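Asker: Quick one: sequence plus predicted model below, questions after.
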Number of protein chains: 2
Amino acid sequence: MTGPRRRVTQRDIARLSGVSQATVSLVLNNRLDAGVRIAPETRDRVLDAIRETGYVADPVARRLADRNNRIIGVFTYEPVFPSGARDFFHPFLLGLEEQAERLGCDLLLLTSAPVEGGRRRMFAEGSRIRLADGCVLLGQEVDRGDLERLVGEGIPFVSVGRRDDAGGPVPCVGADYPAATAALVARAAELGHRRIAYVGRGEGPESYADRLRGFRAAAAKAGVEYGRVHAAAAEPLDAAVAGGVTALFLEEPADIPAVTDWAAARGLGVPADLSLVALGDPTRPVSIDLDVAGFTIPRREMGRQALDVFFALIEGAETDVQRLLPCELHDGATLGPTGRNRS
Amino acid sequence: MTGPRRRVTQRDIARLSGVSQATVSLVLNNRLDAGVRIAPETRDRVLDAIRETGYVADPVARRLADRNNRIIGVFTYEPVFPSGARDFFHPFLLGLEEQAERLGCDLLLLTSAPVEGGRRRMFAEGSRIRLADGCVLLGQEVDRGDLERLVGEGIPFVSVGRRDDAGGPVPCVGADYPAATAALVARAAELGHRRIAYVGRGEGPESYADRLRGFRAAAAKAGVEYGRVHAAAAEPLDAAVAGGVTALFLEEPADIPAVTDWAAARGLGVPADLSLVALGDPTRPVSIDLDVAGFTIPRREMGRQALDVFFALIEGAETDVQRLLPCELHDGATLGPTGRNRS
DNA sequence: TCAAGATGATAATACGAATTATCATCTTGA
DNA sequence: TCAAGATGATAATTCGTATTATCATCTTGA
């Protein structure tokens, strides 16, 4: 028990070496700028005192003098509790952490923002979003009002995931869903599929709309007939197959178990009778034992680059503040030539 | 382009509502102490201005003035890059987040601490650990010097994982490894095993020592002969089996693939010829297709309770600041009656 | 009518470091 | 011998918040 012994400050060093606090600071920062000079012997005396006492500058005080605090807020729309989608976001966080480690800044997880109706509120009463120098946004769907307010108040921020304009272009690092989806559609066309369907909402979050856009464009270009199934439910799926669809493109890969169960119940072989393509990674934890064709979202890299964009923003550096990263395509066992064609 | 945005300060609020900075501070901290009074209408005017601007106290300045932030630092010894063990720590973080969400505080991931020799340094030059009200420690092995310094400087902290004393008892929330390990040893004894072995270091991190301690105590109590295998390598494993060992207790479940590969190469059936028990969860990402007997570390709950202990500490509440949580036992397919006994 | 007490707000200062402007003192050159 | 320049150090101020001491102004009671 030494008791709460007081920290050694520059004042202490100053007293010990018979100089002023200002001199101590100057010695410490070793300023060689114009107009700042310290006699070698004075410098030595100060350095000795520092060595003896083991003085270390208080980083808190140091930060107060600066403009920013090198703290980046991380705002996640999905609540932690109950977990659910949290696993999906973990790789993004890893990328953010990794880059924060490299850039020497800290990440502030804004867990204090209240959760209402299953979503976190950004600007609720007592919002602490301004604790940090700015923030990174995570979430499938981002509130437009929040974006506008962030822009309006000039709070530096970057969205992980592409965002439509909100009173101006939104800085973001997204996945190139249109390109990845289009590539898979083209692949299906090559394999002989003539009627394909997009399973999902195709609207709401930008990531959904982007997938559907890529899907449509590529199908049209390949001369393939295409339709939509609005949900991964038995009835609409039955209708699609009855209409001659031979390949399903799933907006939400977490729906795969539901779709394979349905296919098994109908006696449809995958990919013999029906091909399946997963447009991304599942946002809910599900266990999938199939080797599904599709693509992977470069989540970790997105997290990394989000911080790069953030720093470019606050430092006024020149970069593209809207980036789309390529997804990694994956040939799985569920996309094959259509059995109907072969027969 | 809005230019470098200036932070909203109490001075701004003061100007907006026509009062002094001191008044703003008093309103914010809602001091009802003797001698401090604010007229309701003044208070309202100030609160309005705060609402309009979304003002939040600068955490740095607040710390300098020696007050609380409701920011809890999270210090992780394992670096993020390259990832590796990071997945193991994710559930702890989830528990921390969940409880932070409940308690209305934010988590500061101390990613700015430099990494040296594969470990993060806590008190390196310019350590920002004091930006937070205190911190939670994550890591298999915690530096003793760091613990002593935390205690010495009076920084409130809690370790996730039990820690030996460091100039006094260390506040912590750990897993009850001895009890869980002992239960599995007892189970093996019931199943007829007469010679068993502990595979691993059994020292270094407290969690290793705790497992070995539980193992020895339970084996002795059950009257079972026990030995040790210092690493999951072919040679020492061969020796153990040659010596009549019929069950292996793995300190590090990430070693399971290595051990099953070795067993397969030797033509040993699991559990017919040899039983396997995993003492916890793998700390490195490995794919295990077996249903291994063992126990699970209550990682999420440990994270949750760590924050509880933390707040109890800084609020001076009465609680046990050293907790051991029970692990969940899991009967798997790898622990069975010994074939040698049956023959 | 005046002193004592209650009320509400503010000025001043601390926290620890960084920085700028300023001030002595000493050299040097003519 | 005196002005100009070089040298070395310091006083004062800044950053944003918290707190204490102080100061007006208004009530109240006798």
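Answerer: Nice, thanks for sending it over. Residues are numbered from 1 along each chain as shown, chains lettered A, B, ... in the order given.

Asker: so where's chain A uncertain?
Answerer: A:1-6, A:34, A:339-343 (pLDDT under 70).

Asker: quick one, helices of it?
Answerer: A:10-17, A:21-29, A:40-53, A:59-65, A:86-103, A:144-153, A:177-190, A:206-222, A:234-242, A:256-266, A:299-315, A:339-342 (DSSP state H).

Asker: is it possible to export the ones you listed to TSV including mean neighbour count?
Answerer: (Each C-beta comes from the backbone N, C-alpha and C, glycine too.) Converted to TSV, the helices of chain A look like this (neighbours: other Cβ atoms under 10 Å in any protein chain shown):
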stretch	mean neighbour count
helix A:10-17	18
helix A:21-29	17
helix A:40-53	15
helix A:59-65	16
helix A:86-103	21
helix A:144-153	17
helix A:177-190	21
helix A:206-222	20
helix A:234-242	15
helix A:256-266	16
helix A:299-315	21
helix A:339-342	13
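
Asker: can you list those in CSV and add distance to B:Ala264?
Answerer: CSV is the format used below for these (distance: least, Cβ to Cβ, whole Å):
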stretch, distance to B:Ala264
helix A:10-17, 65
helix A:21-29, 62
helix A:40-53, 60
helix A:59-65, 54
helix A:86-103, 31
helix A:144-153, 55
helix A:177-190, 38
helix A:206-222, 43
helix A:234-242, 42
helix A:256-266, 31
helix A:299-315, 34
helix A:339-342, 38
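
Asker: Out of the ones you listed, which is closest to B:Ala124?
Answerer: B:Ala124 sits nearest to helix A:59-65 of all the helices of chain A, at 10.6 Å, using Cβ to Cβ.

Asker: Now do that closest one: which elements does it pack against?
Answerer: helix B:59-64 (3 or more Cβ pairs under 8 Å, 6 or more residues apart in numbering or on different chains; DSSP states H and E).

Asker: The helix it packs on: how far from the chain's middle?
Answerer: Taking the mean of its C-alpha atoms, helix B:59-64 sits 27 Å from the chain's own mean (Cα atoms, centre = their mean, to the nearest Å).

Asker: for stretch A:64-76, same thing?
Answerer: Relative to the chain's own centre, stretch A:64-76 is displaced by 18 Å; criterion: Cα atoms, centre = their mean.

Asker: same question, stretch A:216-224
Answerer: 30 Å.

Asker: hey, C-alpha coordinates of that stretch in CSV?
Answerer: Only the C-alpha atoms of stretch A:216-224 are listed here, as CSV (Å, rounded to 0.1, in the frame of the first residue of the first chain):
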residue,chain,number,x,y,z
ARG,A,216,-30.9,-7.5,-64.0
ALA,A,217,-28.2,-5.8,-66.0
ALA,A,218,-26.3,-9.1,-66.4
ALA,A,219,-29.3,-11.2,-67.2
ALA,A,220,-30.4,-8.7,-69.8
LYS,A,221,-27.0,-8.6,-71.3
ALA,A,222,-26.7,-12.4,-71.5
GLY,A,223,-30.2,-12.7,-73.0
VAL,A,224,-31.5,-14.7,-70.1
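
Asker: Output the set of residues of the stretch 201-343 of chain A in proximity to chain B.
Answerer: For the stretch 201-343 of chain A, the residues in contact with chain B (Cβ under 8 Å from any Cβ of the partner chain) are A:Ile314, A:Gly316.

Asker: Now do the contacts for the closest residue to DNA strand D within the stretch 201-343 of chain A.
Answerer: Of all residues in the stretch 201-343 of chain A, A:Ile314 sits closest to DNA strand D, at 15.3 Å by Cβ to the nearest atom of the strand. Going by Cβ atoms under 8 Å, 6 or more residues apart in numbering or on different chains, A:Ile314 touches A:Asn68, A:Asp133, A:Gly134, A:Pro156, B:Pro4.
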